[in-house]
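[1] coords please:
(one chain, ligands or ions: 2)
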Amino acid sequence: MSTLAWVHCGRCHTARRFRFAPVVSGLSSLGTKAECASCSHVAFTMVDGRRAFCPLCDGFERIELVPSSVPGAGFACCSACGQLLAALYADLGSWSAARSPNGLRPEGSSQP
Ligand SMILES: [Zn+2]
Ligand SMILES: [Zn+2]
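    Ligands and ions are numbered 1, 2, ... in the order given. Alright, predicted model coming up:
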């Protein structure tokens, strides 16, 4: 199983490596944010290691990792409403086929 180490950054408009950092410095119990390693744009915020803030639900909901039809890519979605929270990639070699920002959908593309 490969590690998802890249996230689609909304500010860079491209895939960037991301890092996890405490929302409040030194207080990781308050949550962890996954931010772009290049510009520090926060892709999503996590608590408990498995729940993320969903803007549609206006609260923290469980993250559902949905595999993409592109090998090595996946989507972090809200398990309650299906909102796409972040697009994740294991490596950039498999990423180019899914790079359209408007084409990032967790469902509907089941073609091999
Ligand atoms: Zn960025
Ligand atoms: Zn939601």
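
[2] Which residue ranges of the protein form helices?
    Here the chain has no helices by DSSP state H.

[3] where do the strands sit along it?
    Assigned by DSSP state E, the chain shows strands spanning 6-9, 14-24, 27-36, 42-47, 51-54, 59-67, 73-78, 84-89.

[4] hmm, who's touching stretch 44-64?
    With CB atoms under 8 Å, 6 or more residues apart in numbering as the test, stretch 44-64 has contacts from 20, 23, 30-34, 76-81, 83, 85-86. The C-beta positions use only the backbone N, C-alpha and C, and glycine is treated the same way.

[5] Let's see that with 6 Å instead.
    Residues from elsewhere that reach stretch 44-64 (CB atoms under 6 Å, 6 or more residues apart in numbering): 31-34, 76-81, 83, 85-86.

[6] Using CSV, write down the CA coordinates of that stretch.
    Extracted in CSV, the C-alpha atoms of stretch 44-64 (Å, rounded to 0.1, in the frame of the first residue of the first chain):
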residue,chain,number,x,y,z
PHE,A,44,-8.0,20.2,5.5
THR,A,45,-8.1,20.1,9.2
MET,A,46,-8.3,16.9,11.2
VAL,A,47,-9.1,15.8,14.7
ASP,A,48,-8.7,12.4,16.3
GLY,A,49,-6.7,11.4,13.2
ARG,A,50,-9.8,10.4,11.3
ARG,A,51,-12.3,13.3,11.4
ALA,A,52,-12.0,16.4,9.3
PHE,A,53,-13.8,19.7,9.2
CYS,A,54,-16.5,19.7,6.5
PRO,A,55,-17.7,23.2,5.4
LEU,A,56,-21.0,21.8,4.3
CYS,A,57,-21.8,20.1,7.5
ASP,A,58,-20.2,22.9,9.4
GLY,A,59,-18.6,20.5,11.7
PHE,A,60,-16.1,17.6,12.1
GLU,A,61,-17.1,14.5,10.3
ARG,A,62,-15.4,11.2,9.7
ILE,A,63,-13.0,11.2,6.7
GLU,A,64,-13.8,8.7,4.0
